Structures are given as structure tokens and as C-alpha cells.
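*Asks:* sequence first, predicted coordinates after that:
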Amino acid sequence: MSKYQVNDNGYYGDFGGAYIPEMLYPNVEELRQQYLAIIQSAGFQEEFDQLLRDYVGRPSPLYLAERLSDRYGANVFLKREDLNHTGAHKINNTIGQILLAERLGKKRIIAETGAGQHGVATATVCALKGLQCVVYMGAIDIQRQAPNVARMKMMGAEVVAATSGSKTLKDATNEAMRDWINNPVDTHYIIGSVVGPHPYPDMVARFQSVISAETRKQLLEKTGRETPDYAIACVGGGSNAAGMFYHFLDSPEVKLVAVEAAGKGVESGESAATTVLGREGVLHGSRSLLMQTDDGQVVEPYSISAGLDYPGIGPLHAWLHKTKRATYASATDDDAMQAGLLLTQLEGIIPAIESAHALAQLEKMTFAANDNVVVCLSGRGDKDLDNYMKYFGF
Ligand SMILES: *Cc1c(COP(=O)(O)O)cnc(C)c1O
């Protein structure tokens, strides 16, 4: 078995596991016992593939960006997750989890969301399947993200404000946990990245692995080789990167590059570069790297992109970092905004600011002339227009 896959105890090397309050044990244990059998069953795979095709619009194209390629002196391919229904990779995971929830007999779905992207992806699949949906969101985030709140409500979700603490993502996560403890029988909790207690990181990585499965086939058609020289993706919790890397993990010739958000600079005190600033500890139910003070308090992260503004990374990434299988780089707000503008002007594609962090890495690398480079374009930038307008003064 690959050393980069989760083991039977739910660990990637030193990282992972399920560090949960005792009252959550039955819920997580039910998932752990059933998830593999369900997602490997023929019926599940068939419905998953059909929805990814007809509802999400997969396979997402692998686009050879010629003007970007000219600039960097390599063949730069963009994996177009931005073209998915709802505008990002997150829907791959929520489709997978709603099908799982149905097969577990769950009638009610809960989720937590920060900027609202995962909340929207969850509300979407609940509308699709006619399941009740409750999304916990920090009271401050509800004010900051009005369009996403409206989308969720329009799709029939109930958006519940978390009013404790800093009234942001971590407080919404606490509320969702409390809900799940109180509703263990009929409710499934959809986590939005490769984080949380085992089996979530593995389950989410499997659902997102469609990204690299498609990329292998598309590269073979376009280049005659299934593997690229480089695969690059941004990392918040790490789900689009996990999906982009998954089927290349055991192909050592593929150099994997993950890009974290440096915010205003890694040393500025306003950053989300977990592999540089973080230490080992437990966050949201698993052992990983996280940004924390000397006495173990979680440090507030910062990034201009809401999706990368997370104080940890999933346990798979902590392991890929520790084993040096992947390289972890970072891009500042400024790097990302410039890279987002550049893609827009060279290719006519406005990327999500999260994805622009991955693109920013191209500026810092040197390539050989025939290198094939795949960048995961995790989402589209429509949601970020306000930010782009403010930053560039358009
Ligand atoms: C949420 C989000 C991310 C960050 O999440 P990961 O789990 O690290 O992939 C990246 N890009 C976009 C467009 C997002 O919406």
C-alpha cells in the first residue's frame, strides 16, 4: 500500500486520527465502518459519475494556456475546476457526501462555512436531493458574505448565525459539532476539506481525486504521457491540492507543489502559511500542523482570500510536507492579486483569488523548455470581483 494513503487507524504517518469528544464517537464510528463499502459499491460509483458528468459538467477541461506558456517557457495546463457548477472544486466533495448520507439513511444535513463557498456547495446538493439543510456561519461572516447567504437561503437552506467567540468559522464549527452530537441518528455533517477526524480527510480526498484521475487521461491525449513534470495547487485545508496530487502521489517523477497563503508576508503576523508558522498539534479532530501560540491557543490566520484563511492543513499535507513528497511554498496577497490579473489579461480567465495563489508560484519557478506543468484552477473569480475592484481600483 502507498505510504501516502491513510492506514487502518486513520493516520498518514504521524498525522490524522480521530480526536473527538466521546459524545461524537458513535457518529464518526458509523462513518468509519461504512464509508469505504458504500463509496466502492457499483451503485454509488455509477450515480456519482453520472452526477459529476450531467450536473457538475465533468470532466473539467485541461486547457493548454498558450500565452501563459510563452511567458514561463513551459507548457502550462490549467485544470478548469472553475467551470464546474457552482464555480469551484467543492461540489465534487458535496456530491459524494450527499450520496453517502442518503445511503446511510440520513434525512438532515449540517455544514459549517466561512466565506460561504462550502455552504453554497452543500445547500446545492441538498436542494438536488431534497434533504433538509442547516448551515452554521459566524455572525460576522453572514454580514460580510451576503450574496452567498442569499444563495443558500434561495436553495432552501437554513443559515444559523454563530454568535459566540470571534463570530467566524471556528465558532460555526463548534456549533455544527454541537448539533451533530444532539442529532446523531438522522443527521450527516458535510465537512468541506481534507480536515476533521478520520475518515473525513480520506473520504474527501477520494471524492476530489477525480481531478487527477481526469488529468492523467487528458495529459495522455495531449502530451502522450500520463504524468506532468509539475502539479501545482493552492492549499487552504488542502482538498483541491489533495485531488490534484492524488493519482500522482506514487509517481515520484511528478513534482508536487502546494501553495499556501502568506497574507501580508510570512513574518508579518498576518498570514496563513501553516507549514512555515505551524507546529504539530490537534485541530478540528485530527493531528496535523497548525498555527498556535506557545501555550497551544490557535492563532487567527489571515489571507485576502477567504478560502485559504485557515489556521491548519489536512493531515495528508502535514505528512507530504514532513516526508518532502510535496514542496510547500507560499504567495502573498500582492503576489496572488497580480497573478489573478495576469491570467485575466493573458487568457481571459478571471480566477478565484485562492487559485491565483497557485498561479503566483509560476513566477518563482524556472522550467525546462518541454516541461509540462499542471495548475489546478480551483475556482472562478466572480465571487471575488469586489476584492479585485478594491485592490486595483477598477
Ligand atoms: C475553498 C476553496 C479553496 C480552499 O480549499 P481547499 O480545501 O484547500 O481546496 C481553494 N480554492 C477555491 C476556489 C475555494 O473555493
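*Replies:* That came through fine. Just so we're clear, the structure is a prediction, and the values are computed from it rather than from any experiment.

*Asks:* Gly156 - how many residues pack around it?
*Replies:* Neighbourhood size, Gly156 [other Cβ atoms under 10 Å]: 13. Backbone N, C-alpha and C define where each C-beta goes, glycine included.

*Asks:* flag every residue of the stretch 201-350 of the chain that's near the ligand.
*Replies:* By Cβ under 6 Å from any ligand atom, the residues of the stretch 201-350 of the chain that approach the ligand are 234-240, 307-308.

*Asks:* check pLDDT for the residues you listed and point me to the minimum.
*Replies:* Ranked by pLDDT, these bottom out at Gly307, which has 90.

*Asks:* so that one sits in a strand?
*Replies:* No: using DSSP: H, G, I helix; E, B strand; the rest coil, the assignment for Gly307 is helix, not a strand.

*Asks:* just give the nearest non-adjacent residue to Ile211, would you?
*Replies:* Among residues not flanking Ile211 along the chain, Gly243 sits closest, at 3.7 Å (Cβ to Cβ, 6 or more residues apart in numbering).

*Asks:* now do the host helix or strand of that neighbour: which elements does it pack against?
*Replies:* In this assignment (DSSP states H and E), Gly243 forms part of helix 239-245. Helices and strands touching helix 239-245, as assessed by 3 or more Cβ pairs under 8 Å, 6 or more residues apart in numbering; DSSP states H and E, comprise helix 90-103, helix 200-208, helix 210-223, strand 230-234, strand 255-263, helix 315-322, strand 372-377.

*Asks:* CA-only coordinates of it in CSV, if you can.
*Replies:* Written as CSV, here are the backbone C-alpha positions of helix 239-245 (Å, rounded to 0.1, in the frame of the first residue of the first chain):
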residue,chain,number,x,y,z
SER,A,239,-8.8,19.5,-0.7
ASN,A,240,-8.2,20.8,-4.2
ALA,A,241,-4.5,20.1,-3.8
ALA,A,242,-5.3,16.6,-2.5
GLY,A,243,-7.4,16.0,-5.5
MET,A,244,-4.8,17.3,-7.9
PHE,A,245,-2.0,15.3,-6.3
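
*Asks:* what does it contact?
*Replies:* Under the contact criterion Cβ atoms under 8 Å, 6 or more residues apart in numbering, helix 239-245 has outside partners 79, 81, 88-90, 92-93, 192-194, 201, 204-205, 207-212, 215, 231-235, 256, 258, 314, 316-317, 320, 326, 374, 376, 378.

*Asks:* again with stretch 219-228
*Replies:* 62, 64, 75, 77, 215-217, 248, 251, 253-254, 372-374.

*Asks:* okay, how far is it across it, tip to tip?
*Replies:* 7 Å (Cα to Cα, to the nearest Å).

*Asks:* show me what counts as buried in it.
*Replies:* Buried residues in stretch 219-228, counted by 16 or more other Cβ atoms under 10 Å: 219, 223, 226-228.

*Asks:* may I have the distance across stretch 327-336, first residue to last?
*Replies:* End-to-end for stretch 327-336, by Cα to Cα: 18 Å.

*Asks:* off-centre distance for that stretch?
*Replies:* Centroid separation between stretch 327-336 and its chain, computed with Cα atoms, centre = their mean, to the nearest Å, is 16 Å.

*Asks:* got it, and stretch 286-293?
*Replies:* On Cα atoms, centre = their mean, the centre of stretch 286-293 falls 17 Å from the chain's centre.

*Asks:* export that stretch to PDB, keeping only CA atoms.
*Replies:* In PDB, the C-alpha atoms belonging to stretch 286-293 read as follows (Å, rounded to 0.1, in the frame of the first residue of the first chain):
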ATOM      1  CA  SER A 286      -7.100  15.400  13.700                       C
ATOM      2  CA  ARG A 287      -3.400  15.600  14.500                       C
ATOM      3  CA  SER A 288      -1.700  17.900  12.000                       C
ATOM      4  CA  LEU A 289       0.300  21.100  11.600                       C
ATOM      5  CA  LEU A 290      -1.500  24.200  12.900                       C
ATOM      6  CA  MET A 291      -0.700  27.800  13.800                       C
ATOM      7  CA  GLN A 292      -0.700  28.100  17.600                       C
ATOM      8  CA  THR A 293       0.800  30.100  20.400                       C
END
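
*Asks:* run through who's touching that stretch.
*Replies:* Here stretch 286-293 makes contact (Cβ under 8 Å, 6+ apart) with 11, 14-19, 195-198, 201, 272, 274-275, 277-283, 298-299, 301, 311-315, 317-318, 321.

*Asks:* what's the pLDDT at the closest residue in space to Ala205 that isn't next to it in sequence?
*Replies:* Leaving out its chain neighbours, the residue that sits closest to Ala205 by Cβ to Cβ, 6+ apart is Ala242, at 4.2 Å. In this model, Ala242 is scored at 98, pLDDT.

*Asks:* just the buried subset of the residues of the stretch 201-350 of the chain next to the ligand, written out for PyMOL, thanks.
*Replies:* Entered in PyMOL, the line below selects the buried ones among these, by 16+ other Cβ under 10 Å:
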select buried, resi 234+235+236+237+238+239+240+307+308
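
*Asks:* where does the stretch 1-150 of the chain have low pLDDT?
*Replies:* The stretch 1-150 of the chain contains no residues with pLDDT under 70.
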